[in-house]
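Asks: Give me coordinates for this.
(4 chains)
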Number of protein chains: 2
Amino acid sequence: MGVKERRERDKLALREKILNAARELFAEKGYEAVSMRMIADRIEYSPTAIYLHFRDKDALFQELCHSDFLALAGVFRQIGRVSDPIERLRKIGLLYAQFAREKPNHYRLMFMTPRPPVDMTELQQAHRGNPEEDAYAFLVQTVADGCAEGCYRPELCGNPEQLAQLVWSGVHGVVSLRIAKCHDQWIDWADEQESVEMMIDLMFRSIMREPVPA
Amino acid sequence: MGVKERRERDKLALREKILNAARELFAEKGYEAVSMRMIADRIEYSPTAIYLHFRDKDALFQELCHSDFLALAGVFRQIGRVSDPIERLRKIGLLYAQFAREKPNHYRLMFMTPRPPVDMTELQQAHRGNPEEDAYAFLVQTVADGCAEGCYRPELCGNPEQLAQLVWSGVHGVVSLRIAKCHDQWIDWADEQESVEMMIDLMFRSIMREPVPA
DNA sequence: CATCTCCACTTAACACCGTTAAGCATTAGA
DNA sequence: TCTAATGCTTAACGGTGTTAAGTGGAGATG
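Replies: Presented below is the predicted three-dimensional model:
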């Protein structure tokens, strides 16, 4: 009875092929410029073939997006368990900004594009909260560690998740504004990497318990 | 020879009518959900009539966007010349966040949507740099005032524009992340207004020359 | 008054999009 | 060898932004 299994395998292989084609096109052209027909062309199938593997375009990109989140979690995992939660947090910020700079189209879909409310698939649910696979959980955990070790001002540690959201927002603000407005001649942008590092410094300076030495 | 003038006036009136219809539709539905045909329906003209007044859809929304920037500058103008540059900067942050909360679709087009590089119209050039009409210039001016009065750490005041960009990024990070991910069940968001105020406090704490009293 | 010209606007159409319905081979199982 | 299922294709629908061609009415000119 190896037939059904082979069928299953082939089907999954094509599914993966579609995802890869979409990923490539998407990375170079950006979300809204990639059409179903382009993806179909690249894998040399008819456009409708895609619909045998994905409910619609949104579902396809949702899945792409999900794998990007896993990729980001993978980037964070490479930090490993740096013992000092402050250094760990700093590294998170730097790698996060690097991710945004290297994959702006992905970043845009992940963090700058509103999506209608959608209930999580059980697949996603399974990853959630596990810092190894959930970049957000990793961030929250790192901030909470810092709180637990008394690094940050106590009045900020009542809600470590909110503190994490604020730190995240700071770095996100720098990189997302750059992605959205980089071609804007109205604004004379300072160097991006420098601004990211300054933002991280500012955040630390404001949340640390002990004043940062000049 | 009043004929030509009347023609001109009528043409401008229709142009304004198109803009207003687009504005209304856009505010309630968001950018990409508004089609030329919808706008045409609302003003009860044929879709092609719009093209007699705007080069294409992008030009129309570009213009809409420009008027939104003027509106934001208007919001800031209401702050007036609060004498204390610190209080003025705080108010800028709060009003900016309020603008984002009240007009998320506008905010998204203004600050979260990449646009291809486009040379400014002479109209836009005219407004640029004037703090009364240029919200960004108003922000930079306010930060520079704070620097001049010695409010902020001297090492940050070498480049007031960069400092302004950082402060802006902080608040933008909070509100834009909220707009993009508000429906995301993955994240348990803290109260938005509270986060905005905390972000502003954090920014001040980190840039002030004198340590902020607890 | 008749005619011409111009111009704002319309209708029709094109090329593209996401998506669905129907058809058509190939292949597994009887 | 016949039947059924499966995986894909072709054709089509309704939508989009946009353009080409046509139309009708008002001002100018005889």
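Asks: Show the contacting residues for residue A:193.
Replies: The neighbours of residue A:193, taking CB atoms under 8 Å, 6 or more residues apart in numbering or on different chains as the test, are A:97, A:101. For every residue, glycine as well, the C-beta is placed using N, CA and C.
Asks: can you tell me which residues contact the spatially most central residue of chain A?
Replies: Within chain A, the residue whose C-alpha comes closest to the C-alpha centroid is residue A:69; the distance, by CA atoms, centre = their mean, is 4.5 Å. With contact taken as CB under 8 Å, 6+ apart, residue A:69 is in contact with A:110, A:134-135.
Asks: is DNA strand D contacted by whichever strand or helix holds it?
Replies: Counting by DSSP states H and E, the secondary-structure element that holds residue A:69 is helix A:57-77. No: when contact is scored as CB under 7 Å from any atom of the strand, no part of helix A:57-77 falls within range of DNA strand D; the minimum is 11.9 Å.
Asks: roughly how far out does that helix sit from the chain middle?
Replies: Helix A:57-77 has its C-alpha centroid displaced from the chain centroid by 7 Å (CA atoms, centre = their mean, to the nearest Å).
Asks: just curious, which of the contacts of residue A:69 is nearest to DNA strand C?
Replies: Taking CB to the nearest atom of the strand as the measure, residue A:110 is the one of the contacts of residue A:69 closest to DNA strand C, at 19.2 Å.
Asks: Go through the helix holding residue A:69 and flag the buried ones.
Replies: A:57, A:60-66, A:68-70, A:72-73, A:75-76 (16 or more other CB atoms under 10 Å in any protein chain shown).
Asks: Between which two of these is the distance greatest?
Replies: For these, with distances taken as CB to CB, the pair at the greatest spread is A:57 and A:76 (29.0 Å).
Asks: re the thing from before, just the residues contacting the next helix or strand after the helix holding residue A:69, thanks.
Replies: Past helix A:57-77, heading to the C-terminal end, the next element that is a helix or strand (DSSP H and E) is helix A:85-102. Surrounding helix A:85-102, the residues in contact under the criterion CB under 8 Å, 6+ apart are A:72, A:75-76, A:78-79, A:81-82, A:107, A:111, A:138-139, A:142-143, A:145-146, A:149, A:151, A:167-168, A:171-172, A:174-176, A:179, A:192-193, A:196-197, A:199-200, A:203-204.
Asks: And the helix or strand bottoming out on mean pLDDT in chain A, what does it pack against?
Replies: The weakest-scoring helix or strand in chain A, judged by mean pLDDT, DSSP states H and E, is helix A:122-127 (a mean of 78). Helix A:122-127 is packed against helix A:57-77, with contacts defined by 3 or more CB pairs under 8 Å, 6 or more residues apart in numbering or on different chains; DSSP states H and E.
Asks: still on that earlier bit, and the helix holding residue A:69, anywhere near DNA strand C?
Replies: Yes: using CB under 7 Å from any atom of the strand, helix A:57-77 comes into contact with DNA strand C via A:57-58.
Asks: quick check: longest helix of chain A.
Replies: With secondary structure taken from DSSP state H, chain A has its longest helix at helix A:2-29.
Asks: Can you pull the phi and psi angles for residue A:36?
Replies: According to degrees, to the nearest 10, the main-chain angles of residue A:36 amount to phi -60, psi -40.
Asks: residues in contact with it?
Replies: If you count contacts by CB under 8 Å, 6+ apart, then residue A:36 has A:47, A:50, A:57 around it.
Asks: Now those in a markdown table, please, with extra columns for pLDDT and distance to chain B.
Replies: Formatted as a markdown table, the entries for the contacts of residue A:36 read as follows, by pLDDT from 0 to 100; distance: CB to the nearest CB, whole Å:
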| residue | pLDDT | distance to chain B |
| --- | --- | --- |
| A:47 | 97 | 21 |
| A:50 | 98 | 21 |
| A:57 | 96 | 13 |
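Asks: what comes up buried for stretch A:205-214?
Replies: Taking 16+ other CB under 10 Å as the basis for neighbour counts, the residues of stretch A:205-214 that come out buried are A:205-208.
Asks: So which of those residues belong to helices?
Replies: Assignment to helices by DSSP H places the following of those there: A:205-207.
Asks: and which of the contacts of residue A:69 is nearest residue B:188?
Replies: Of the contacts of residue A:69, the one sitting nearest to residue B:188 (CB to CB) turns out to be residue A:134, at 12.8 Å.
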